[in-house]
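Chemist: Okay, predicted coordinates and the sequence, questions at the end:
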Amino acid sequence: MGMYAVQMPKRVVFGVGIEEKIGAEAKGLGAKKALVVTDAIIEKIGVREKIEKPLKEVLEVDILDKVEPEPTLAAAETVARAARAAKCDLIVGVGGGSVMDMAKVASAAASNPEQGVSAFLGANKIANPSVPKILVPTTAGTGAEATPFALVIVEEKKKAIASPYNLADVVLIDPTFTATMPPKVTASTGMDALSHAIEAFLSTGSNPLTDSFALEAIRKIANNLEEAFSHGDNLDARLKMSLAALLAGMAFGNAGVIAGHAAAHTFGAKYKIPHGVSAALALPYMMEYNAVENGVKEKLAKVAREMGEDISGMTGEEAASKAVARVKKMLEKLDLPTRLADLDVPKDDLPGLAEAMSKEKGYLARNPRKIEYEDAVKMFERMWSGE
Ligand SMILES: [Fe+2]
């Protein structure tokens, strides 16, 4: 029996009407002044008022509402400067994955005036503990509320800031906040969560605890994502997707993601494709590539079973291909691209993408099947043609 450890947010508050709790949570962290890190979207969806008002009743509040999607290092430095200037003792991140990642950067910057954001890049590089932070997701998928990672684009490459100081002190999840997500965003963020769960489950960094998070997330997504996509006002489906995204975040926040995200980060950053769309596209190809390994087949058979596929009497190989086929079918039903060719990625760029992918050593080290440059080229060719 091996030894393992998991880390996760200190406290998770889940339910409808979270605005009634946020003031008490902020006070519970002993805060006097909060900086709310967010983007313009939350105003449109009516969440801004719900967060700002109760916070202002208990403490001083500054707002930074200019976070860009898929932030670059320069954008992250802007957030860091604003966080230092605000002289706050609490960060409240309200939004999707990019916003929550920037809230993590803000909380690290506020207590580390000597370090620029580039000095945070890598593992355990944040010197002093971050100021406390509350994360409030408005999408169901990125899992950023649950992970110790913040992602920043540096020279067209996604780089991670990995530190336990990035973990939230409090996560507030209100599934009604996700109900206004347009179907497109519901689809891509939901499939991002599925890719987190499946990649974490296949990762060599997985353990029995992350496996139980991952499998439950897979089951919930298979049962609820298509419903949340086609009937956005179905609160039960939204609630299950919020739970699934959180569980998948707790799985990959510990077990890590593998080759699918390594591939997705390369073309996602280069062609400015939303992260969920690129992670979703890479997912079935990553599964196919790994399915030939013993041990992986059996795991993918479990994935198929959690997704509700009938695998009785099947070999591991047959059951694994059922899981792959189901994921491809989900992509089609959710109107998501299934081939890089559909995204106008030039075929000539594939070797360059494969080279960039083979440099994603951290992700590839956890992949159950070894990936050399040649393998990456083949995987990209399949992703391109959809064959
Ligand atoms: Fe992801």
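Modeler: Received it, and whenever you're ready, just let me know what you need.

Chemist: Any figure for the gap between residue 199 and residue 80?
Modeler: Distance of residue 199 to residue 80, computed by CB to CB, to the nearest Å: 29 Å. Yep, even glycine has a C-beta here, placed from its N, CA and C like the rest.

Chemist: following the one helix or strand in the chain whose mean pLDDT sits lowest, which helix or strand comes up?
Modeler: None of the helices or strands of the chain scores lower by mean pLDDT, DSSP states H and E than helix 41-44, at a mean of 87. Downstream of helix 41-44, the first helix or strand assigned by DSSP states H and E is helix 47-58.

Chemist: Looking at residue 199 and residue 80, which has the bigger crowd around it?
Modeler: Higher neighbour count among residue 199 and residue 80: residue 199, with 31 against 22, using other CB atoms under 10 Å.

Chemist: Let me know the pLDDT of that one.
Modeler: Note on residue 199: pLDDT of 98.

Chemist: Can you report how many residues neighbour the residue nearest to it when sequence neighbours are not counted?
Modeler: Closest residue to residue 199 apart from its sequence neighbours, by CB to CB, 6 or more residues apart in numbering: residue 257 at 4.2 Å. Residue 257: 31 surrounding residues under other CB under 10 Å.

Chemist: So that it lines up with my notes, have the first residue be 18 from now on.
Modeler: Sure, I'll start numbering at 18, so the last one becomes residue 274.

Chemist: Can you report phi and psi for residue 274?
Modeler: The phi/psi pair for residue 274 (degrees, to the nearest 10) reads phi -100, psi 170.

Chemist: That one contacts residue 380, correct?
Modeler: Yes. The criterion here is CB atoms under 8 Å, and residue 274 meets it with residue 380 at 6.3 Å.

Chemist: List the buried residues in the least confident helix or strand of the chain.
Modeler: 58, 59 (16 or more other CB atoms under 10 Å).

Chemist: same for it, what does it pack against?
Modeler: When contacts are defined as 3 or more CB pairs under 8 Å, 6 or more residues apart in numbering; DSSP states H and E, helix 58-61 sits against strand 107-112.

Chemist: contact partners of the strand it packs on?
Modeler: Here strand 107-112 makes contact (CB atoms under 8 Å, 6 or more residues apart in numbering) with 39, 43, 46, 48, 50-56, 58-59, 64-65, 68, 72, 76, 84, 100, 116-117, 119-121, 123-124, 127, 147-156.

Chemist: Over to stretch 238-246?
Modeler: Against stretch 238-246 from outside (CB under 8 Å, 6+ apart): 157, 200, 203-204, 207-208, 210-211, 214, 251, 253-255, 257-258, 261, 265, 323-325, 343, 347, 350-351.

Chemist: Could you rerun that using 7 Å?
Modeler: For stretch 238-246, the external contacting residues (CB atoms under 7 Å, 6 or more residues apart in numbering) are 200, 203-204, 207, 210-211, 214, 251, 254-255, 257-258, 261, 323-325, 350-351.

Chemist: residue contacts, residue 35?
Modeler: Here residue 35 is in contact with 189, 191 (criterion: CB under 7 Å, 6+ apart).

Chemist: distance of residue 49 from the ion?
Modeler: Counting by CB to the ion, to the nearest Å, the gap between residue 49 and the ion amounts to 35 Å.

Chemist: Which stretches in the stretch 168-317 of the chain count as strands?
Modeler: Here the stretch 168-317 of the chain has its strands, by DSSP state E, counting those that start in this stretch, at 174-179, 187-190.

Chemist: which residues sit against the last one?
Modeler: Spelled out, that is strand 187-190. By CB under 7 Å, 6+ apart, strand 187-190 touches 26-31, 35, 38-39, 42, 151-154, 162-163, 259, 263.

Chemist: Select from those every entry located in strands.
Modeler: 29, 30, 31, 151, 152, 153, 154 (DSSP state E).

Chemist: Wait, the fourth one touches residue 40, no?
Modeler: No. Using CB atoms under 7 Å, residue 151 and residue 40 do not qualify as a contacting pair, with a distance of 10.8 Å.

Chemist: List the residues that contact the residue of the stretch 218-367 of the chain found nearest the ion.
Modeler: Residue nearest to the ion within the stretch 218-367 of the chain (CB to the ion): residue 296, separated by 4.4 Å. Residues near residue 296 by CB under 7 Å, 6+ apart: 209, 212, 277, 278, 281.

Chemist: Show me the shaky parts of this protein.
Modeler: Counting by pLDDT under 70, the ranges of the chain that qualify are 18.

Chemist: in it, which residue is closest to the centre?
Modeler: Nearest residue to the geometric centre of the chain (CA atoms, centre = their mean): residue 159, 2.7 Å.

Chemist: out of everything not next to it in sequence, what's closest to that one?
Modeler: residue 114 (2.9 Å).

Chemist: To what extent is the residue of the stretch 118-267 of the chain found nearest the ion buried, counted in neighbours?
Modeler: Relative to the ion, the nearest point of the stretch 118-267 of the chain is residue 209 (4.4 Å; CB to the ion). When neighbours are counted by other CB under 10 Å, residue 209 registers 28.

Chemist: The nearest residue to residue 233 once chain neighbours are set aside: what's it in contact with?
Modeler: The shortest distance from residue 233 to any non-neighbouring residue, by CB to CB, 6+ apart, is to residue 264 (5.5 Å). Residue 264 makes contacts with 230, 233, 234, as judged by CB under 7 Å, 6+ apart.

Chemist: Please determine how far the closest residue to the first one other than its chain neighbours is located from residue 80.
Modeler: Pointing back at residue 230 there. Residue nearest to residue 230 in three dimensions, not counting chain neighbours: residue 268, with 4.1 Å by CB to CB, 6+ apart. As judged by CB to CB, residue 268 and residue 80 stand 32 Å apart.
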